[in-house]
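> predicted model and sequence below, questions to follow.
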Number of protein chains: 2
Amino acid sequence: MNKHEKISPAVIRRLPKYYRYLGELNKVGINKTSSRELSEMTGFSASQIRQDLNNFGGFGQQGFGYDVGNLRNEIGKILGLDKKYKIIIVGAGNIGQAIANYTGFYEADYEVVALFDKNPKLKGFSIKDALILDSDNMEEFLKNEHIDIAVICTPKSVSQQVAEQLVRCGIKAIWNFAPKDLKMPEGVYVENVHLNESLFSLTYYYNKMKKESE
Amino acid sequence: MNKHEKISPAVIRRLPKYYRYLGELNKVGINKTSSRELSEMTGFSASQIRQDLNNFGGFGQQGFGYDVGNLRNEIGKILGLDKKYKIIIVGAGNIGQAIANYTGFYEADYEVVALFDKNPKLKGFSIKDALILDSDNMEEFLKNEHIDIAVICTPKSVSQQVAEQLVRCGIKAIWNFAPKDLKMPEGVYVENVHLNESLFSLTYYYNKMKKESE
DNA sequence: TAGATTGTTAATCGATTAACAATC
DNA sequence: TAGATTGTTAATCGATTAACAATC
């Protein structure tokens, strides 16, 4: 039986934040914390934090609190950060290159093994240790290498088509930066980073504040 | 009185999606739609869509549906996409440059007017029409130019400090790409794009699917 | 008019918060 | 032991869904 079966997405979205703050505590040598303390750091209520953690088991000690290193480890295991992941990036334009260069993923073991692009001018260049290859070779590449996660950084006009190609090659996890929703079969998980939606939402609140302060 | 006062963030997050799909309908010349049709496109329930829209007023016609162009316009106005926004980007590394180059914002009138970076090697280069300037000149720059939105693409180690500097210069809207939460005073809105949290969440669901298919 | 679809109220569902017994 | 804080149940709150009258 899978214990995590009915965990709500809202809970899962909060886990990385706990993980991050526990990492910060760890770094400065603090090895004991409490839901109240985590509440102050994260802005979530202490009650909510306890509820969240107890979805996965009792990581704390009554009357005492949580062991920072242990709790961080446990959350890491829940998220799967104790494993290695191989990534390809499809579309080696601005965003694709930025992701390939991004160093913010160091906490876990993600490795970008290749980028793919249609533009022949990019062919042969590499970012960090990842070569930029021709899109035409992608299917062949995916037959020979096990890839966990594919990142879509193509123009939105081809994103659906690229996604379908990836799925045909066995990809089950897609990180989608193209501003378009992908229609995917069951068993493929898509995580969207829709920058325009994020900016539009920011714009709304910016205007709202302006109006209120008038 | 501000009609939008009590609108929940969940509603606001859905508006850009409606806006996008209405734009697509518009582009192919369809000028009439319904909550049922929008439901099929967006995946949100028809009931929810009607609820969402009625937070802002009756944009539809009973027995008929919604006029695509009109509804899109109205949502655009709610989000503030009918106005112009001047943007600066702080941190002209990979992410900062990618944002400056990003063309996905075309639907509204956002203009990146400058980037700022500490690295003297980047000084004088420009991306599209935006010059990369020295961070030391940022405060002076902000005194002379009215900027609506500042994008933080610095390393996380300096993001808080940069944000405080921006706020001192009158910035009220921050789009934060540094993987750290900003502590800001009332009246400053921060929209976070925490790529690591997004990737960790993807990782969780990827593993969950793998376990389930075993 | 009959059919369709909105706008809106009521019902349901799920997530958050409060409370407190268990226990370190 | 007394104080603190978890784990967990119950209460509350808010968001989503269902239902239907209004009306084009």
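In hand now; what should we look at?
> now do the SS call for the closest residue to DNA strand C within chain A.
Per C-beta to the nearest atom of the strand, A:Gly63 is where chain A lies closest to DNA strand C, at 2.2 Å. Every C-beta, even on glycine, is put in place using the N, C-alpha and C of the backbone. Secondary structure state of A:Gly63, per DSSP: H, G, I helix; E, B strand; the rest coil, is coil.
> could you pull out the helices for chain A?
Ranges of helices within chain A are A:9-27, A:35-42, A:46-54, A:68-79, A:94-101, A:138-144, A:156-168, A:195-212, based on DSSP state H.
> near DNA strand C, anything from the second one?
No. Among the residues of helix A:35-42, none lie within reach of DNA strand C under C-beta under 7 Å from any atom of the strand; the closest is 9.0 Å away.
> next, the angle from that helix to helix A:46-54.
Helix A:35-42 and helix A:46-54 meet at an angle of 100 degrees, taking axes from the mean of the first three to the mean of the last three C-alpha atoms, to 10 degrees as the criterion.
> A:Ile12 reaches B:Tyr204, doesn't it?
Yes. A:Ile12 is in contact with B:Tyr204 according to C-beta atoms under 8 Å; the separation is 5.5 Å.
> of these two, which one has the most company?
Ranked by neighbour count (other C-beta atoms under 10 Å in any protein chain shown), A:Ile12 and B:Tyr204 place B:Tyr204 first, with 23 against 19.
> which residues sit in contact with the more buried one?
Contact analysis of B:Tyr204 by C-beta atoms under 8 Å, 6 or more residues apart in numbering or on different chains lists A:12, A:15, A:78-80.
> would you mind naming what in chain A lies close to DNA strand D?
For chain A, the contact set with DNA strand D under C-beta under 7 Å from any atom of the strand comprises A:33-36, A:46-47, A:50-51, A:53-54, A:58-66.
> apply 10 Å and report the result again.
A:32-39, A:46-66, A:71 (C-beta under 10 Å from any atom of the strand).
> what about chain A, any weak spots by pLDDT?
A:1-5, A:106 (pLDDT under 70).
> which helices and strands does the lengthiest strand in it pack with?
When chain A is parsed with DSSP state E, its longest strand is strand A:109-117. Identification of packing neighbours for strand A:109-117 by 3 or more C-beta pairs under 8 Å, 6 or more residues apart in numbering or on different chains; DSSP states H and E yields strand A:84-90, helix A:94-101, strand A:130-134, helix A:138-144.
> closest to A:Asp109 out of those?
Smallest distance to A:Asp109 across these (C-beta to C-beta): 4.4 Å, for strand A:84-90.
> only the C-alpha atoms, please, for that closest one, written as PDB.
Extracted in PDB, the C-alpha atoms of strand A:84-90 (Å, rounded to 0.1, in the frame of the first residue of the first chain):
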ATOM      1  CA  LYS A  84      19.900  10.600  -8.900                       C
ATOM      2  CA  TYR A  85      18.000  12.000 -11.900                       C
ATOM      3  CA  LYS A  86      19.100  12.400 -15.500                       C
ATOM      4  CA  ILE A  87      17.600  15.300 -17.400                       C
ATOM      5  CA  ILE A  88      17.500  16.400 -21.000                       C
ATOM      6  CA  ILE A  89      16.500  19.900 -22.100                       C
ATOM      7  CA  VAL A  90      14.600  20.300 -25.400                       C
END
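> quick one: residues contacting the closest residue to A:Ser213 other than its chain neighbours.
Excluding the flanking residues, the one nearest A:Ser213 by C-beta to C-beta, 6 or more residues apart in numbering or on different chains is B:Gly187, at 6.8 Å. Contacts of B:Gly187 were listed using C-beta under 8 Å, 6+ apart, and they are A:209, A:213, B:172.
> can you check A:Asn73 too?
With contacts defined as C-beta under 8 Å, 6+ apart, A:Asn73 is in contact with A:Asp82.
> show me the domain layout of chain A.
Domain ranges of chain A: A:9-79, A:84-197, per automatic domain parsing.
> number of nearby residues for A:Lys17?
When neighbours are defined as other C-beta under 10 Å, A:Lys17 has 19 of them.
> so it touches B:Asn196, yeah?
No. Using C-beta under 8 Å, A:Lys17 makes no contact with B:Asn196, being 10.1 Å away.
> ends of stretch A:121-137, what's the gap?
Terminal residues of stretch A:121-137 lie 15 Å apart, using C-alpha to C-alpha, to the nearest Å.
> which outside residues touch that stretch?
Stretch A:121-137 is contacted by residues A:89-90, A:92, A:97, A:100-101, A:112-118, A:120, A:141 when judged by C-beta under 8 Å, 6+ apart.
> near chain B at all, stretch A:24-38?
No. Stretch A:24-38 does not reach chain B (C-beta under 8 Å from any C-beta of the partner chain); its nearest approach is 9.1 Å.
> just to revisit the earlier point, quick one: buried ones out of the residues of chain A next to DNA strand D?
Buried subset of these (neighbour count, 16 or more other C-beta atoms under 10 Å in any protein chain shown): A:33, A:35, A:37-39, A:48-50, A:52-53, A:56, A:59-60, A:65-66, A:71.
> farthest pair within these?
A:Glu37 and A:Phe56 (19.4 Å).
> contact partners for the residue nearest to A:Asp109 when sequence neighbours are not counted?
Nearest residue to A:Asp109 in three dimensions, chain neighbours excluded: A:Lys84, at 4.4 Å (C-beta to C-beta, 6+ apart). Neighbouring residues of A:Lys84 by C-beta under 8 Å, 6+ apart: A:109-111.
> okay, the domains of chain A in a markdown table with distance to B:Ile147 next?
Formatted as a markdown table, the domains of chain A follow (distance: least, C-beta to C-beta, whole Å):
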| stretch | distance to B:Ile147 |
| --- | --- |
| domain A:9-79 | 27 |
| domain A:84-197 | 19 |
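> highest mean neighbour count out of those domains?
Here the criterion is mean neighbour count by mean count of other C-beta atoms under 10 Å in any protein chain shown, and of the domains of chain A the winner is domain A:84-197, at a mean of 18.
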